[in-house]
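Visitor: sequence below, structure please.
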Amino acid sequence: MKKLLYIGWVGFNNLGDELLWNIFKETCGKYLNQDQIEMTPSVPGVDLKNLEKYDTVVLGGGSLLLPGYLQILQNALHKGKSVIIWGTGLDWIGKENLDLLLNDKLNSLEQNFKQKDIDVLDEVIEGALFVGVRGPLTKKAIEIMLGKEKADKVQIIGDPGLLLQKPDSNSSTQKDKVIGMNWGTTFNRLYGGNELLVEEQLVETAKALINSGYKIMIYIVWADDIPSCERLYDKINDPENVVLDKNLYTENELIEKLSRCTGTINFKLHANFLSFTADVPAIALGYRFKVFDFAASAGLQHLVVSTDSQQLAKELLERVEIIENSETAIIDQFHSIKKKFEPLLESIFTKNLL
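Guide: Numbers count the residues shown, from 1 in each chain. Alright, predicted model coming up:
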């Protein structure tokens, strides 16, 4: 029996990271017999420095292309273990550097990776059995650090969230005139550096949507987001037209909930995947690099509004109008991307790399 370590931000009740682990586990179950493989997720208490008992180390979905995690993979390679990078991506790249990257003008990522970190990245990519990253901006950043030739091994396979499936019972849900609104906190580590300012713009957006006939459903994907959502609810101050749902659902439960919405506006990245899986167009608050990476992989850049926008409410309302006019085209686009990336995400299983 092979022993596998799955590295992710697991065990902290953040639905986005938990669903990525669940997807990995379920896909293993789809292709591998349970007696073939023993999987250990990197929950708190698992010693990531002691890799002796594992045959394979998988860096899973999330924003885990960070020096600390790369050093764990380097350690695994030095111990003769197989290493797989599966659907992870970069994050924490500043807005100025993001803009330069989008315009092919970025020459260095020294703010995020020192030369010693780049050397580790180089060794890990060279030694890994498979390197699949979340989106084209992550691959572009790796090319800047390592050069295009060394980055050739890096495949864009999409975010594992693309493997989410709509529950069968959800096939023909009647939609209501409701906008789902996912809000929360990242402790001000967002583009613009001011969550309260974004919150005020969301209040303005919600009030304008209510005036045009919508109801609002505020929802969470992480328990730490509850205080922010309570504050947003209180500021909108319209209990007749606004529901605050403080339940932390499973991914399938939340897909069911969202399927009744006309559209969603989402702070956390994987809230967008849950919405699209429910066949509900999602507007993403571009609060960090990872949101733009996902949008670029899916061809949905026009539905992202950066949190440093000087007219955030106006831009969000314009995106709602796009959803109203182009719902079918947006959902078709998501399904075409899903169809493209599913076999790439499943290739580590179908090609027996585990």
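Visitor: with just CA atoms, put the helix or strand where residue 271 lies into CSV.
Guide: According to DSSP states H and E, residue 271 maps onto helix 269-277. What follows is helix 269-277, C-alpha atoms only, in CSV (Å, rounded to 0.1, in the frame of the first residue of the first chain):
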residue,chain,number,x,y,z
LEU,A,269,-12.2,32.7,-4.0
HIS,A,270,-14.0,29.4,-3.8
ALA,A,271,-17.4,31.0,-3.2
ASN,A,272,-17.2,31.8,-6.9
PHE,A,273,-16.7,28.1,-7.8
LEU,A,274,-19.7,27.1,-5.6
SER,A,275,-21.8,29.7,-7.3
PHE,A,276,-20.8,28.7,-10.9
THR,A,277,-21.3,25.0,-10.0
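Visitor: what about it, distance to the chain center?
Guide: Centre-to-centre, helix 269-277 and its host chain are 8 Å apart (C-alpha atoms, centre = their mean, to the nearest Å).
Visitor: next SSE after it?
Guide: Following helix 269-277 in sequence, per DSSP H and E, is strand 282-286.
Visitor: and that next one, which strands flank it?
Guide: Note on strand 282-286: by DSSP bridges, its sheet partners are strand 263-266 (parallel), strand 304-306 (parallel).
Visitor: name the residues that touch the shortest one?
Guide: Among residues not part of strand 304-306, those counted as contacts by C-beta atoms under 8 Å, 6 or more residues apart in numbering are 95, 191-192, 283-287, 291-292, 295, 312, 315-316, 319. All C-beta spots, glycine's among them, are computed from the backbone N, C-alpha and C.
Visitor: do a quick rundown of the strands in this structure.
Guide: Along the chain, counting by DSSP state E, strands occupy 2-7, 37-41, 56-59, 82-88, 130-133, 155-156, 178-182, 215-219, 242-245, 263-266, 282-286, 304-306.
Visitor: in contact with residue 177, which residues?
Guide: 213, 214, 215, 262.
Visitor: so for stretch 23-43, mean pLDDT?
Guide: On average, the pLDDT along stretch 23-43 is 94.
Visitor: for it, buried residues please.
Guide: Using 16 or more other C-beta atoms under 10 Å as the burial criterion, the residues of stretch 23-43 that qualify are 23, 24, 27, 28, 32, 37, 39, 41, 42.
Visitor: now stretch 212-226
Guide: Residues of stretch 212-226 classed as buried by neighbour count (16+ other C-beta under 10 Å): 214, 215, 216, 217, 218, 219, 220, 221, 222, 225.
Visitor: among the residues you listed, which pair sits farthest apart?
Guide: 214 and 222 (24.7 Å; C-beta to C-beta).
Visitor: of all the strands paired with strand 282-286, which lies closest to residue 183?
Guide: Closest of the strands paired with strand 282-286 to residue 183 is strand 263-266, at 8.6 Å (criterion: C-beta to C-beta).
Visitor: which residues are contacting the closest one?
Guide: 179-182, 202, 205, 258, 271-272, 275, 280-285, 316, 319-320, 323-324, 327.
Visitor: write the PyMOL selection for whichever of the residues you listed are buried.
Guide: With 16+ other C-beta under 10 Å as the criterion, this PyMOL line picks the buried residues out of the contacts of strand 263-266:
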select buried, resi 179+180+181+182+202+205+258+271+272+275+280+281+282+283+284+285+316+319+320+323+327
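Visitor: what mean pLDDT does the biggest helix by length in the chain have?
Guide: Longest helix of the chain, by residue count under DSSP state H: helix 312-350. Throughout helix 312-350, pLDDT has a mean value of 98.
Visitor: if we can go back for a sec, how about a markdown table for the buried residues of stretch 212-226, with pLDDT added?
Guide: Listed next are the buried residues of stretch 212-226 as a markdown table, based on pLDDT from 0 to 100:
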| residue | pLDDT |
| --- | --- |
| 214 | 98 |
| 215 | 98 |
| 216 | 98 |
| 217 | 98 |
| 218 | 98 |
| 219 | 98 |
| 220 | 98 |
| 221 | 97 |
| 222 | 97 |
| 225 | 97 |
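Visitor: of all those residues, which comes closest to residue 49?
Guide: Using C-beta to C-beta, these come closest to residue 49 at residue 222, 27.3 Å.
Visitor: what is the closest one paired to in the beta sheet?
Guide: Assigned bridge partners for residue 222, using DSSP bridges, are residue 14.
Visitor: these two touch, right, it and residue 9?
Guide: No - taking contacts as C-beta atoms under 8 Å, residue 222 lies outside contact range of residue 9: 10.8 Å.
Visitor: one step back: wait, which of the strands paired with strand 282-286 is closest to residue 104?
Guide: Ranking those by proximity to residue 104 (C-beta to C-beta) places strand 304-306 first, at 18.9 Å.
Visitor: many thanks, have a good one.
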